[in-house]
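Chemist: Quick one, fold the following:
(one chain, ligands or ions: 1)
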Amino acid sequence: MTRRTRVLTVVGNRPQFVKTAAVSRHLRASADEILIHTGQHYDRELSDVFFEELGLPPPDHQLGVGSGSHAEQTAAIITALEPLLEEIDPDVVLVYGDTNSTLGVALVAAKGSVRLAHVEAGMRSFNRSMPEEINRVVADSLSQLLLCSTEVAVRNLEHEGLSVRAVLVGDVMADVALTFGPIADRRSSILDRLGLERGGFCVATAHRAGNVDDPGRLRRLVDVLARAARVAPVIFPVHPRTRARLQAAAALDALELKGIRAIDPLGYLDMTALVRASRAVITDSGGLQKEAFLASVPCVTMREETEWVETVDAGWNRLVGLDPAAAHIAIEELPRPGGRTSPAAEMYGGGKAGERVATAIAERLG
Ligand code: UD1
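Modeler: Take a look at the predicted model:
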């Protein structure tokens, strides 16, 4: 009897837990999956709560790498994973996205001569000052199977001479958003808990190093949120990195006076319900740009470029950098929530991306 394909999936932080939720159950129908958590995100609210809410199997191994500089974090992942890879002896290593976990795992798989599959391959901001862009480029160049979320991603890989390894599968995060959106509306009590009316508030998130690590840029980011708060109060679930920077700048306490309500990070269901009920999203996250789009909520993106260009082309997302006036104008000019006519879900694979990832792995690497 031939052995089932053994797939070693490695995840490390919040968006990767969401992505693996779309893939894992399909993968496990035809392959043996071993799940490793690098420990890049370790706080309960950034990690465990996602496993519980999304029904993810608990990780088989924890690397426990924690926080650190890029070198420390990546090196810790490499050092911890190398002996495990030898022990587990997988046929395929599966990674997601563009984080330091993705990078470290890709290097170990490539040097261990294990075939690598990369979900969200081909995403490019063309901004090499972003650590995520470096991580993506390296992971893609080392992968044997490049699983793309969008046609734009496939074209990016064509330009880099990598398209023969590419398969367009759709966006796995969209699968989860489509499945869990209505569930979040029913199950989450976040609107009641925060005393909010549908459409009567904006939701903001910020965590990019390029936006929050420099005190001057952080001040401008707060100005953007304060300007948005003139349209509707801003609910701001604060990422730990951002909270630390705001505290260091003594800027946390002053937010409330500017109409910005800082709260702890939210689990998947609460965050999804909040976004779906909001007037607008203001963010520097990649995932939220899409989640807003899929929920027919306008998005104002605090970056100069985006990997998710379809959301901008469709008229539901605007890039404003850290310009408060541009952010204000964008919120006024973008469509109001609801009333979507463009086929948003189909643009991202119609909820079938996870299944297609499992099929592509079986057909190309099985
Ligand atoms: C990482 C990813 C980013 C992704 C994001 C999702 C990299 C380079 N960046 O950014 O692409 O969009 O995750 O959130 O991999 N911290 C905690 N508790 C935790 C985790 C982190 O307090 O559970 C704090 C630590 O002080 C840490 C800081 O947050 O130094 C940054 O965490 P890190 O995982 O390095 O990067 P993120 O900013 O989360």
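Chemist: what's the neighbour count on Leu84?
Modeler: With neighbours defined by other Cβ atoms under 10 Å, the count for Leu84 comes to 17. For the C-beta atoms, the positions are set from N, CA and C on the backbone; glycine is no exception.
Chemist: Am I right that it is in contact with Pro59?
Modeler: No - with contact defined as Cβ atoms under 8 Å, Leu84 and Pro59 do not form a contacting pair (11.7 Å).
Chemist: Looking at this protein, which helix is longest?
Modeler: helix 70-88 (DSSP state H).
Chemist: anything in contact with each of Leu84 and Pro59?
Modeler: Ile36 (Cβ atoms under 8 Å, 6 or more residues apart in numbering).
Chemist: in the longest helix of the chain, what's buried?
Modeler: Using 16 or more other Cβ atoms under 10 Å as the test for burial, helix 70-88 gives 73-74, 76-78, 80-81, 84-85, 88.
Chemist: Also within reach of the ligand: list those from those.
Modeler: Gln73 (Cβ under 6 Å from any ligand atom).
Chemist: got the buried residues of helix 70-88 as a markdown table, with pLDDT columns?
Modeler: Shown next, in a markdown table, are the buried residues of helix 70-88 (pLDDT from 0 to 100):
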| residue | pLDDT |
| --- | --- |
| Gln73 | 98 |
| Thr74 | 98 |
| Ala76 | 98 |
| Ile77 | 98 |
| Ile78 | 98 |
| Ala80 | 98 |
| Leu81 | 98 |
| Leu84 | 98 |
| Leu85 | 98 |
| Ile88 | 98 |
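Chemist: So which of the buried residues of helix 70-88 is the closest to the ligand?
Modeler: Taking Cβ to the nearest ligand atom as the measure, the ligand lies nearest Gln73 of the buried residues of helix 70-88, at 6.0 Å.
Chemist: quick one: pLDDT of the residue lying closest to Glu256 once chain neighbours are set aside?
Modeler: Leaving aside its chain neighbours, Glu256 sits nearest to Ala262 (7.5 Å; criterion: Cβ to Cβ, 6 or more residues apart in numbering). pLDDT for Ala262: 98.
Chemist: Next, find the distance separating Ala262 from the ligand.
Modeler: 15 Å (Cβ to the nearest ligand atom, to the nearest Å).
Chemist: tell me the SS of that residue?
Modeler: strand (DSSP: H, G, I helix; E, B strand; the rest coil).
Chemist: same question, the one 4 residues further on
Modeler: Of the three states, Leu266 takes coil under three-state DSSP.
Chemist: Can you name the residues that contact Leu191?
Modeler: 197-198, 273-274, 277.
Chemist: ranges for the helices of the stretch 101-250 of the chain?
Modeler: 131-142, 151-159, 172-187, 190-194, 209-212, 215-228, 240-248 (DSSP state H, counting those that start in this stretch).
Chemist: between those helices, which gets nearest to Leu54?
Modeler: In terms of Cβ to Cβ, the element of the helices of the stretch 101-250 of the chain nearest to Leu54 is helix 172-187, at 7.0 Å.
Chemist: buried ones in the closest one?
Modeler: Residues of helix 172-187 classed as buried by neighbour count (16+ other Cβ under 10 Å): 172-178, 180-181, 184.
Chemist: Stretch 282-298 now?
Modeler: Buried-residue list, stretch 282-298, by 16+ other Cβ under 10 Å: 282-298.
Chemist: Mark which of those are part of helices, please.
Modeler: Among these, the members falling in helices (DSSP H) are 286-294.
Chemist: Quick check: of those, which lies closest to Val23?
Modeler: Using Cβ to Cβ as the measure, the one of those that approaches Val23 most closely is Gly287, at 15.2 Å.
Chemist: Distance of the closest one relative to Asp213?
Modeler: 20 Å (Cβ to Cβ, to the nearest Å).
Chemist: quick one: Val224 and Ile282 touch, right?
Modeler: Yes - the pair Val224 / Ile282 is scored as a contact, 6.8 Å apart, by Cβ under 8 Å.
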